[in-house]
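Engineer: build me a model from this:
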Amino acid sequence: MRLQLALNVPVLEDAIDFYSRLFDTAPYKVKEGYANWEIAEPPLKLVVFENAGAEPGSINHLGVETETAEEVVAAEARLSAAGLETTGIDDTTCCFAEKVETWVHAPDGNRWEWYVKKADAGSSAEIALESVGTGVDSASTGVCCA
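Structural biologist: Numbers count the residues shown, from 1 in each chain. Coordinates of the predicted model:
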């Protein structure tokens, strides 16, 4: 497992340059308005969304990336048993990946995604940008994981 940090940035190219130098690694994936890094040390999934309307550097969402769908199901069961309202388990394609995921909203307004990536997905034209189970309208946010 590793933590995921998804940030809103005003200019994607500037963010790619900065975070590549900060973590001494190139992005794993770059798409229109989107980039992510799979950083080994420290173990981190860093995601940036070009989102000019958001406060620069603000949190888009947080997450925990697991290794298996079973871990997502177990996490969703544990969260529900702890009295946290989840979105349930969804098989979806967003953020340029096929995923199994569940979401929970923190009292501070931050959204947490517990997920496993099953496969990379193609271009944004191949991906429905409507969030599945997140309760967020992607038409207003411009991203599927917002």
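Engineer: low-confidence ranges, the chain, go.
Structural biologist: For the chain, residues meeting the criterion pLDDT under 70 lie at 123-146.
Engineer: tell me the residue furthest from the middle of the chain?
Structural biologist: residue 81 (23.8 Å; C-alpha atoms, centre = their mean).
Engineer: tell me the spacing between that one and residue 101.
Structural biologist: 18 Å (C-beta to C-beta, to the nearest Å). C-betas here are computed from N, CA, C, even on glycine.
Engineer: quick one: contacts for residue 8?
Structural biologist: 48, 49, 51, 54, 55, 56, 57, 58, 59, 60 (C-beta atoms under 8 Å, 6 or more residues apart in numbering).
Engineer: go on, residue 1?
Structural biologist: Per C-beta under 8 Å, 6+ apart, neighbours of residue 1: 43, 64, 65, 66, 67, 71.
Engineer: okay, these in JSON lines with secondary structure, distance to residue 121 and neighbour count next?
Structural biologist: Shown next, in JSON lines, are the contacts of residue 1 (DSSP: H, G, I helix; E, B strand; the rest coil; distance: C-beta to C-beta, whole Å; neighbours: other C-beta atoms under 10 Å):
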{"residue": "43", "secondary structure": "coil", "distance to residue 121": "23", "neighbour count": "11"}
{"residue": "64", "secondary structure": "strand", "distance to residue 121": "20", "neighbour count": "17"}
{"residue": "65", "secondary structure": "strand", "distance to residue 121": "16", "neighbour count": "21"}
{"residue": "66", "secondary structure": "coil", "distance to residue 121": "18", "neighbour count": "20"}
{"residue": "67", "secondary structure": "coil", "distance to residue 121": "19", "neighbour count": "11"}
{"residue": "71", "secondary structure": "helix", "distance to residue 121": "21", "neighbour count": "17"}
